[in-house]
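[1] Predicted model, plus sequence, below.
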Amino acid sequence: MLKKLFQSFRSPLRKPQQHVRTTPEVLSSSQHSLQRSQFSRYAVNIVERLQTAGYQAYLVGGCVRDMMLGITPKDFDVATSATPEQIRAEFRNARIIGRRFKLVHIHFGREIIEVATFRANHPIDDDDEDSNQSSRNESGRILRDNVYGTLEDDAQRRDFTINALYYDPVTERVLDYANGVHDIRNRLIRLIGDPQQRYKEDPVRMLRAVRFAAKLDFGIEKHSATPIRPLAPMLRDIPSARLFEEVLKLFLSGYAEATFEMLVDLELFEPLFPASSKALEDNPTYTHTLISEALANTDLRIKQNKPVTPAFLFAALLWPALPARVLRLQERGMPPIPAMQEAAHELITEQCQRIAIPKRFTMPIREIWDMQERLPRRSGKRADLLLENPRFRAGYDFLLLRESAGEETDGLGEWWTDYQDANDSGRRDMIRDLGSKPDATGQGPRKRRRSSSGKRKRAGVDGAE
Ligand code: ATP
Ligand code: MG
């Protein structure tokens, strides 16, 4: 399909321009592979209705880009000359969302089409660029983004050339203002305009470059890649809530493993996960293997349409940073379990200053980690109680992950795998056999507890520490 697409370009070897032109390259239906029928019929209807009402309207962004590459788009965006209020006047099922950055969502059952008014990108002044205050930077961005503009302005303010392609399903023409088609053909992520300036305007574009490069298996064009390392620390000034959203997109789009490699290589991982980055320096093989394995599992689950939880992902990303902290607290005289609890608390609190992980995820992160303390303690009724714990599965998967990264657990993962498969009497035997292995109760060299009911109760409380 790609071959067919590329064969049809008029002058494929034309030197790419980085700046947006005032008149676009126009590709007629015979010069590109897009077909109106491939796009969401709701999105196509919206474009048609807006055009009939006298506005300009196009399908734009990721859906045009992905379709040109033969990828199924995850959503369909429309760009139009109509203002949000004018759009709403046309569609009864339209809702204006966002206070400062206004967009319109048009609802068709479960499908939502996002319709945005053409915007202009106003250059920022030097004061703004030098500001280290995230609030000032942030308000500057929002202000700029809300200035409406022409179609040409709209193309100019977009991030990458491949994201600035406009498809008109009525005439079936593609408008290419920034040589995006050329870059799709050469599989390149290229910023529109001066890369350094565009990253400074919005440092999140550095993360978007990596996200698209990993997802599409594209390279980042040299001039767009060079400024990333020196500008990477600017991510520290981005509001943590926005970074949380971006990090989810980075790691939950099915290309997390490749994304992680690229983030590390371009020094973007450090400003996002400073403690994990330190662990990567101090203990490279273990940290790298654990994180990569977790991300590879996540990618696989997404490909298999299985659910993935951000909590597991963050638990894995941060886990390698824990031991050093636990040790530090133990050196100050704290016993192991409180030290672990305190280290986990500190680490999550620090991480949330960079990336605002909501409480509904930080709680299960802690539970997955706590489970690692409990899984070795299997004597008496503990094993069965753990199996009933709603967090058991995540905790067990996490244990297997630690083992696959080379952590020595004395066959604990295999034991739990067998225990889940065993019948009642098999389970009883397994628990009884624990008695012959001094460490398997999780009590270390301490003497094995007897399974009188009083003792069991106490053991359960210990296990919950
Ligand atoms: P996908 O939806 O597959 O992640 P996308 O390209 O559609 O990819 P969105 O985040 O949905 O990405 O954004 C839609 C479009 O808005 C982009 O294609 C791009 O043109 C523009 N855009 C988004 N974020 C930025 C940004 N930070 N700077 C400039 N343009 C942006
Ligand atoms: Mg999109």
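    Great, that's in hand. Ligands and ions are numbered 1, 2, ... in the order given.
[2] and T171, how many neighbours does it have?
    For T171, the count of nearby residues is 13 (other Cβ atoms under 10 Å). C-betas here are computed from N, CA, C, even on glycine.
[3] If I look at it, what pLDDT would I see?
    With respect to pLDDT, T171 scores 97.
[4] my read is it is in a strand, agree?
    No. Secondary structure of T171 (DSSP: H, G, I helix; E, B strand; the rest coil): coil, not part of a strand.
[5] Provide a list of residues in contact with it.
    If a contact means Cβ atoms under 8 Å, 6 or more residues apart in numbering, then T171 has no contacts.
[6] measure it to ligand 1 for me?
    Separation of T171 from ligand 1 (Cβ to the nearest ligand atom, to the nearest Å): 21 Å.
[7] Ok, R208 next?
    Taken as Cβ to the nearest ligand atom, the span from R208 to ligand 1 is 6 Å.
[8] and that residue, what helix or strand is that in?
    Per DSSP states H and E: R208 is located in helix 204-216.
[9] just how off-centre is that helix within its chain?
    Mean-position distance between helix 204-216 and its chain equals 10 Å (Cα atoms, centre = their mean, to the nearest Å).
[10] Mind giving me the packing neighbours of it?
    If you count contacts as 3 or more Cβ pairs under 8 Å, 6 or more residues apart in numbering; DSSP states H and E, helix 204-216 packs onto strand 188-189, helix 195-201, strand 219-220, helix 228-231, helix 240-251, helix 256-265.
[11] at 7 Å what do you get?
    Using 3 or more Cβ pairs under 7 Å, 6 or more residues apart in numbering; DSSP states H and E, the elements in contact with helix 204-216 are strand 188-189, helix 195-201, strand 219-220, helix 240-251, helix 256-265.
[12] for the record, mean pLDDT for that helix?
    The average pLDDT within helix 204-216 is 98.
[13] What residues does this protein have near ligand 1?
    61-62, 74-75, 77, 158-159, 163-164, 202, 204-205 (Cβ under 6 Å from any ligand atom).
[14] quick check: domain ranges of this structure?
    Domains of the chain are assigned by automatic domain parsing as 19-192, 273-436.
[15] and the residue in the chain positioned nearest to ligand 2, how many residues sit next to it?
    Closest residue of the chain to ligand 2, Cβ to the ion: G62 (3.7 Å). By the measure other Cβ under 10 Å, the count of residues near G62 is 18.
[16] sorry, back to before: most tightly packed of the helices and strands packed on helix 204-216?
    Comparing those by mean neighbour count (mean count of other Cβ atoms under 10 Å), strand 188-189 comes out on top with a mean of 22.
[17] Dump the helices and strands packed on helix 204-216 into TSV; add distance to ligand 2 as well.
    Compiled in TSV, the helices and strands packed on helix 204-216 are given as follows (distance: least, Cβ to the ion, whole Å):
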stretch	distance to ligand 2
strand 188-189	15
helix 195-201	19
strand 219-220	19
helix 240-251	10
helix 256-265	17
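[18] With distance to I228 as added columns, please give these in CSV.
    CSV is the format used below for those (distance: least, Cβ to Cβ, whole Å):
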stretch, distance to I228
strand 188-189, 11
helix 195-201, 7
strand 219-220, 8
helix 240-251, 14
helix 256-265, 10
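[19] Export these to a markdown table and append columns for mean pLDDT.
    A markdown table is the format used below for those (pLDDT from 0 to 100):
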| stretch | mean pLDDT |
| --- | --- |
| strand 188-189 | 98 |
| helix 195-201 | 94 |
| strand 219-220 | 98 |
| helix 240-251 | 97 |
| helix 256-265 | 98 |
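[20] Mind checking the pLDDT average for stretch 78-90?
    Per-region confidence: stretch 78-90 scores 96 on mean pLDDT.
[21] That stretch: how far from the chain's middle?
    30 Å.
[22] Could you export it as PDB, CA atoms only?
    Provided in PDB are the C-alpha atoms of stretch 78-90 (Å, rounded to 0.1, in the frame of the first residue of the first chain):
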ATOM      1  CA  VAL A  78     -11.300  18.200  12.300                       C
ATOM      2  CA  ALA A  79     -10.000  21.700  11.800                       C
ATOM      3  CA  THR A  80     -12.200  24.500  10.600                       C
ATOM      4  CA  SER A  81     -12.600  28.200  10.100                       C
ATOM      5  CA  ALA A  82     -15.800  28.200  12.200                       C
ATOM      6  CA  THR A  83     -15.400  29.400  15.800                       C
ATOM      7  CA  PRO A  84     -16.500  27.100  18.600                       C
ATOM      8  CA  GLU A  85     -19.800  29.000  18.900                       C
ATOM      9  CA  GLN A  86     -20.400  28.700  15.200                       C
ATOM     10  CA  ILE A  87     -19.700  25.000  15.300                       C
ATOM     11  CA  ARG A  88     -22.100  24.600  18.100                       C
ATOM     12  CA  ALA A  89     -24.800  26.400  16.200                       C
ATOM     13  CA  GLU A  90     -24.500  23.800  13.400                       C
END
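[23] Show residues contacting that stretch.
    Applying Cβ atoms under 7 Å, 6 or more residues apart in numbering, the external contacts of stretch 78-90 come out as 43, 46-47, 49-50, 53, 55-60, 94, 96, 102, 104, 113, 115-118, 148, 154, 166.
[24] Just the buried residues of these.
    43, 46-47, 50, 55-60, 94, 102, 104, 113, 115-118, 148, 154, 166 (16 or more other Cβ atoms under 10 Å).
[25] rewinding a little: could you check the angle helix 240-251 makes with the helix holding R208?
    Taking axes from the mean of the first three to the mean of the last three Cα atoms, to 10 degrees, one finds that helix 204-216 is oriented at 20 degrees with respect to helix 240-251.
[26] any idea of the angle helix 204-216 forms with helix 256-265?
    Compare the direction of helix 204-216 with that of helix 256-265 by the same axes, to 10 degrees and you get 140 degrees.
[27] Helix 204-216 and ligand 2, are they touching?
    No. Helix 204-216 stays clear of ligand 2 (Cβ under 5 Å from the ion), getting no nearer than 11.0 Å.
[28] near ligand 2, which residues of the stretch 51-200 of the chain?
    Selection of the stretch 51-200 of the chain residues close to ligand 2 by Cβ under 5 Å from the ion yields 62, 75.
[29] Run through the helices of the stretch 51-200 of the chain in chain order.
    With DSSP state H, counting those that start in this stretch, the ranges of helices along the stretch 51-200 of the chain come out as 62-68, 84-90, 126-130, 134-145, 151-157, 180-185, 195-201.
[30] again with the stretch 251-400 of the chain
    256-265, 269-272, 274-282, 284-303, 310-318, 322-331, 336-354, 359-374, 382-388, 392-404.
[31] hey, which of these is tucked in deepest?
    It is helix 310-318: most buried of the helices of the stretch 251-400 of the chain by mean count of other Cβ under 10 Å, with a mean of 23.
[32] Name the surrounding residues that touch it.
    With Cβ under 7 Å, 6+ apart, helix 310-318 has contacts from 248, 251-252, 273, 275-276, 290-291, 294, 298, 347, 351, 357, 361, 364-365, 368-369, 394, 398, 401.
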